[in-house]
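Participant: What follows is a predicted protein model with its sequence.
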Amino acid sequence: VHVAESGGGSVQPGESLRLSCVISDSTLDLYYIGWFRQLPGQEREGVSCISGSEDITYYADSVKGRFTISRDNAKNTVYLQMNSLKPEDSAVYYCAADGGWATVQAMCGMSPLFGAWGQGTQVTVSS
């Protein structure tokens, strides 16, 4: 399966962005999808993940209440709506896909559980 992210950019604090993740496989609901972010020299951090057909979601504490993950199976796309962005949200954001080998929270905490990764999209939040 191939994964491709888009939607990054530069915004001011308090503004919003919506990231999109297109999955090449038409059976999107079979996959767990995760959004991760990474700063140079740091480990990849799980931001939000969503399970397959049950749409169980997980959010990191740092984004809870501000970010929303959703999926549109008809478009093979998973979205990450990011509101009230903060400078500390700046990073390269990656989308990843794999089967459900563990709970959604566990999958989000262990990026190596995801086998398919996109190329990343830069998000910069600065005044």
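Facilitator: Okay, I see it.
Participant: Show me what stretch 39-53 is in contact with.
Facilitator: The list of residues contacting stretch 39-53 from outside it, by Cβ atoms under 8 Å, 6 or more residues apart in numbering, reads 29-38, 56-60, 63, 67, 69-71, 78, 80, 90-94, 100, 104-105, 107-111. The way it works is simple: take the backbone N, C-alpha and C, and place the C-beta from them, glycine included.
Participant: Narrow those to those that are buried.
Facilitator: When neighbours are counted using 16 or more other Cβ atoms under 10 Å, the contacts of stretch 39-53 contain these buried positions: 31-37, 57-60, 63, 67, 69, 71, 78, 80, 90-94, 100, 104, 107-109, 111.
Participant: rewinding a little: go through the contacts of stretch 39-53 and flag which are in strands.
Facilitator: 32-38, 57-59, 67, 69-71, 78, 80, 91-94 (DSSP state E).
Participant: Lowest mean pLDDT among the helices and strands of the chain, which one is it?
Facilitator: Sorting the helices and strands of the chain by mean pLDDT, DSSP states H and E puts helix 104-109 at the bottom, at a mean of 91.
Participant: and it, how far out from the chain's middle?
Facilitator: Distance, stretch centre to chain centre, for helix 104-109: 12 Å (Cα atoms, centre = their mean, to the nearest Å).
Participant: now stretch 81-89
Facilitator: The chain centroid and the centroid of stretch 81-89 are separated by 13 Å under Cα atoms, centre = their mean.
Participant: In that stretch, which residues are buried?
Facilitator: Neighbour counts over stretch 81-89 (16+ other Cβ under 10 Å) mark 82, 85, 89 as buried.
Participant: Which secondary structure state does the second one sit in?
Facilitator: Classification of residue 85 using DSSP: H, G, I helix; E, B strand; the rest coil returns coil.
Participant: Against residue 37, how distant is the nearest residue to it once chain neighbours are set aside?
Facilitator: What sits nearest to residue 85 in space, not counting adjacent residues and going by Cβ to Cβ, 6 or more residues apart in numbering, is residue 125, at 4.5 Å. If you measure residue 125 against residue 37 using Cβ to Cβ, to the nearest Å, the figure is 12 Å.
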